[in-house]
Each structure stands twice: as C-alpha cells, then as structure tokens.
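**Q** Curious how this folds, go ahead:
(2 chains)
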Amino acid sequence: MEQLIDSFLNPEVMRTSVPYLVRGFWMTVRLCALVIPLGILSGLVLAILHNLGHRWLNVILIVYVDLFRAFPPLVLLIFVYYGLPSMGIDLSPLSAVVLAFMLNTSSYYGEILRAGIESIPTGQWEAACSTGLTRFQTMVHVVLPQAVRTVLPDLVSNTLEVVKLTSLASVVALPELLRMARVAQGITFNPTPLILAAVLYFLMLWPFVRLLSRMERRMLVSAA
Amino acid sequence: MIENFFNIEVMARVLPSIISGLWVTLALSVLIILTGMILGLVLATVRAMQYRAVNFFIVLFVDAFRAIPPLVILIVVFFALPYVEVQLSGFVSAWLSLSLVLAAFCEEIFWASILSVDRGQWEAARSTGFTFLGTLQFVVLPQSMRLALPPLTNRAIAIGKSTALASVIAVPEILNQASSAQAQAANPSPLTLAAIAYLVIFIPLVVLSRWVESRFAWRH
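**A** As a prediction, this is how the structure comes out:
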C-alpha cells in the first residue's frame, strides 16, 4: 500500500508537477477551443453541400467523409506532421494538429448533421418555401434548429471524442496535458503526474459522460 | 511529390515490414473486440441483476473509461504500472487498456438496449418459468440486439482504428513500422503505404457500418 501511494499519489511529486499540469491543461483547452468550432463549422458546410443534392458533388462528399473516417486520427496526424514538410510545407506542431484533427472531426460532424437534416420531413421545406422563405433561410431558421435537436446526443458524444482526441497531440510534442504529464514524470522519475492527468481528464469530462448516457438512454427507449 | 510520397523503390523495400505490421494490427483488433464485447455484455448482465453496491462500481468503471482518453490509459498501463512491479509488454498493455475502453462503451450500449425492452416482457417471461438468464438470453437480448447493433459496429471500428495508438508504446503494428521505416529512409512514402493499409482494412468496415445503420434503423 505504501509503495502504491509513493508511486501513484506521491504528495511531494504532486506539488512539483502541478505547474506543468496546469500549463498542459490550458493548452488542451486552447486546442479544444480551436478544433471543436472549426470541426463543427466545416461539418456544417459538408452537410449543407450534401443537401444541395448534386449527384457528383455528393459522391465526392461521401468519398471525403468515408476516407477521413477510415484513417485512424493518429495516422493522419503523423502524415501531416512528418509528411508535409518534405513537400516544402512547414507547419508548426499546433497548426499540424489543428489541420489533422479538423480533417478528421469535420467528417464525423458532417455525417451527424447530414443525418439530422435528412430526418426533417420534406413537408417542412415545402411549407417554409411556400411562405416565401428562400432555401437558405429555410435551412437556417426552420430545418437546422430541429435537426440539431434531433442529433444532439451524437453531437455531444462526438465533441467528447474530440476532447479526448487532443491527447494525441502529445505524440508530436505539443505541450498539452498528457505531454506535460510525461515531462513531469521524466523530471520526477515518478508516475504520479500521469495518474493526476488521468484524474484531471476524468473530472473534466465526467459531467458530459453522465449527461450523454442519460440522453442516449432516453433516445433508445423512445426508439423502441 | 511522387518522389516524396509514392517513391516506388522505398515502398518496395518497406512493404514486407508494413505487411507484418498489418497482421499485428489485425490480431490486436480482433483480440480487443472479442475481449471488450464479451466483458461489456457480462457487465451489462450483472448490472441487470440490480445489486446496488455492485452497480455503483460498474457505473464508476464505465464512466471512467469513457471519460479518460484511451492514449492516457495506455500510457498509464505501460509507463506507470512497472513502478509497482506490474510489467506488461506493449502488446499486452494495448490489448488490456483498449479492451477495457471498449468494454465500458459496450456495457453502456447493451445496458441501454436492455432497458429499451418493456418491463412487461420480463414479467411475462419470468411468469412462464424462464430464469433470469433465460429471459435475458431468449427474450430480451434478441429484441434489443437490433437496437444495439449499429452503435456496437461503430464502436468496434473506432477501437480497431485506435490500435494505431499502440505505436506510441512500440508495438510493431502498421503505424509503428511505417514511422521507423520513414525515419530510416528519410522519405514519407512508408507513411503513404501505411495510410493505404489502413484504408484497405477500414474502408470496407466503414461502408459496412453505413449499411448496418440503414438496415437496422428504426423507422418512426
């Protein structure tokens, strides 16, 4: 037991590693603040383009979405980070991470929003257009508000995945939470910072996990 | 561009190592999916028995493994456990941590789908003499599987992709093989090859999940 506490919850190591973890935490927050809005926006663009119903455009969109859903995000990140510089495109770690995660998350958000938009019956489109709204106005004021409500559990779930995804940035040495925990572990020769980082992630995301399981259950029960 | 990303000479040289990585990725994925799904179903069954104290721990386990990023769990298992004299190989660490993550997600899916079956069905089945497990196996699960299948497929695919994380702890799967080949050749073609290898595995699965979703969708 003593060895357990000494290795995993060492108070002295905790004090040393807190500044590192705090710095890492803010980097994680910053990363989320960049990737989540960018992902939602580009996903929205994908979904709206799909809704235009051009056959060839849709083929391209589906290929794009399936392609980036098939790549593991870490593969995408390594590809962008180590591959692009040999083409003369030099990216900072932060922009490489944001670019790779945006490609990945936009396809998931796009898929979710597309399903939401498709779930709205055509009658609504016809009714809105017959009152004089343009197609775009119908989308913004009539369809999207309902579509977002229908797919809200999926949106929350995907956003949760994006926050967890940011931990991959540690692989390309971006100083976010996991990376800083590894740094602190290297300095103190003690894994306490890793445990602290795990606890921090848990505390940060736990409310959303609770919310999500409640939403999902309600949806499944109403579906059956 | 072609010389950098599609260098035939480099590709031919690293192809054998990428293929050996492909087998590791496949083996790891299959092991994780089997272990995780079975464990998830067991946990959901235990939860259905409604022992308050036991359920508390199941919910805690599920919430923790849904909230903590898989890479963090993997790194804790691989780098922190040795300090208390639990030394696992990279492969076993990846198998263990990703199986636990998948089990947490599957438990939640199974449990939600079990709840979706009306209470009356439980009562009816029990009153005709079915045992608890019999009811679950023959009455409840067959109906709830229909609801559970699409999210289970998606989770299984996601966890298969996350085996790429094992490259961080030097498990010689596709990405790990490709990264070291890329460093040796000073050329990113091995990464292109790795990307193609992942597409070969996962594009069919992504298309399959689209089909499962439309086939088993509930029409309102």
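**Q** CA only for contacts and neighbour counts going forward, please
**A** Fine.
**Q** Count the neighbours of residue A:59 for me.
**A** 12 (other CA atoms under 10 Å in any protein chain shown).
**Q** now the one 5 residues further on
**A** Residues contacting residue A:64 under the criterion other CA under 10 Å number 14.
**Q** residue nearest the centroid of chain A?
**A** The residue lying closest to the centre of chain A (CA atoms, centre = their mean) is residue A:162, at 2.0 Å.
**Q** what comes up buried for the helix or strand it falls within?
**A** Secondary structure assigned from DSSP states H and E places residue A:162 in helix A:152-165. Of all the residues in helix A:152-165, those buried under the rule 16 or more other CA atoms under 10 Å in any protein chain shown are A:152-160, A:162-165.
**Q** And for stretch A:80-96?
**A** Buried residues in stretch A:80-96 (16+ other CA under 10 Å): A:80-84, A:93-94, A:96.
**Q** Now secondary structure too, for those, in TSV please.
**A** Output for those, formatted as TSV (DSSP: H, G, I helix; E, B strand; the rest coil):
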residue	secondary structure
A:80	helix
A:81	helix
A:82	helix
A:83	helix
A:84	helix
A:93	helix
A:94	helix
A:96	helix
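**Q** Quick one: residues contacting the residue most central in space within chain B.
**A** Per CA atoms, centre = their mean, the C-alpha nearest to the average position across chain B is that of residue B:159, at 3.1 Å. Counting by CA atoms under 8 Å, 6 or more residues apart in numbering or on different chains, residue B:159 makes contact with B:29, B:32-33, B:98, B:102.
**Q** And those residues, which of them are buried?
**A** B:29, B:32-33, B:98, B:102.
**Q** tell me the two of the residues you listed that are most distant?
**A** Spanning the widest gap among those are B:29 and B:102, at 11.0 Å by CA to CA.
**Q** that older thread, from the contact counts, what lies against the helix or strand following the helix holding residue A:162?
**A** Sequence order places helix A:177-188 as the next helix or strand after helix A:152-165, per DSSP H and E. Secondary-structure packing of helix A:177-188 (3 or more CA pairs under 8 Å, 6 or more residues apart in numbering or on different chains; DSSP states H and E): helix A:11-51, helix A:192-223.
**Q** Just the C-alpha atoms of helix A:177-188, please, in CSV.
**A** This file holds the C-alpha atoms of helix A:177-188, laid out as CSV (Å, rounded to 0.1, in the frame of the first residue of the first chain):
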residue,chain,number,x,y,z
LEU,A,177,-2.0,17.9,-20.7
LEU,A,178,-0.7,14.4,-21.5
ARG,A,179,2.6,15.7,-22.8
MET,A,180,3.2,17.9,-19.8
ALA,A,181,2.4,14.9,-17.5
ARG,A,182,5.0,12.9,-19.4
VAL,A,183,7.5,15.7,-19.0
ALA,A,184,6.8,16.0,-15.3
GLN,A,185,7.1,12.2,-15.0
GLY,A,186,10.5,12.4,-16.7
ILE,A,187,11.7,15.1,-14.2
THR,A,188,10.4,13.4,-11.1
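**Q** between that helix and helix A:11-51, how big is the angle?
**A** Put simply, helix A:177-188 runs at 160 degrees to helix A:11-51, going by axes from the mean of the first three to the mean of the last three CA atoms, to 10 degrees.
**Q** buried ones in helix A:177-188?
**A** Those would be A:177-185, A:188, for helix A:177-188 by 16+ other CA under 10 Å.
**Q** what about residue A:88, distance to residue B:178?
**A** Distance of residue A:88 to residue B:178, given as CA to CA, to the nearest Å: 21 Å.
**Q** Show the average pLDDT along the lengthiest helix in chain B.
**A** The single longest helix within chain B, with elements called by DSSP state H, is helix B:8-48. Average pLDDT, helix B:8-48: 94.
**Q** chain center to it, what's the gap?
**A** Relative to its parent chain, helix B:8-48 has a centroid offset of 8 Å by CA atoms, centre = their mean, to the nearest Å.
**Q** Tell me which other helices or strands it touches.
**A** By 3+ CA pairs under 8 Å, 6+ apart, helix B:8-48 packs against helix B:52-67, helix B:90-115, helix B:141-161, helix B:174-185, helix B:189-215.
**Q** what do you get if the cut-off is 7 Å, keeping everything else the same?
**A** helix B:90-115, helix B:174-185, helix B:189-215 (3 or more CA pairs under 7 Å, 6 or more residues apart in numbering or on different chains; DSSP states H and E).
**Q** tell me the angle of it relative to helix B:52-67?
**A** 160 degrees.
**Q** ok and helix B:8-48 relative to helix B:141-161, angle-wise?
**A** Using the same axes, to 10 degrees: helix B:8-48 against helix B:141-161 is 150 degrees.
**Q** which ones are touching the closest residue to residue A:128 other than its chain neighbours?
**A** Excluding its sequence neighbours, the residue lying closest to residue A:128 (CA to CA, 6 or more residues apart in numbering or on different chains) is residue A:138, at 6.0 Å. By CA atoms under 7 Å, 6 or more residues apart in numbering or on different chains, the residues touching residue A:138 are A:125, A:128-129.
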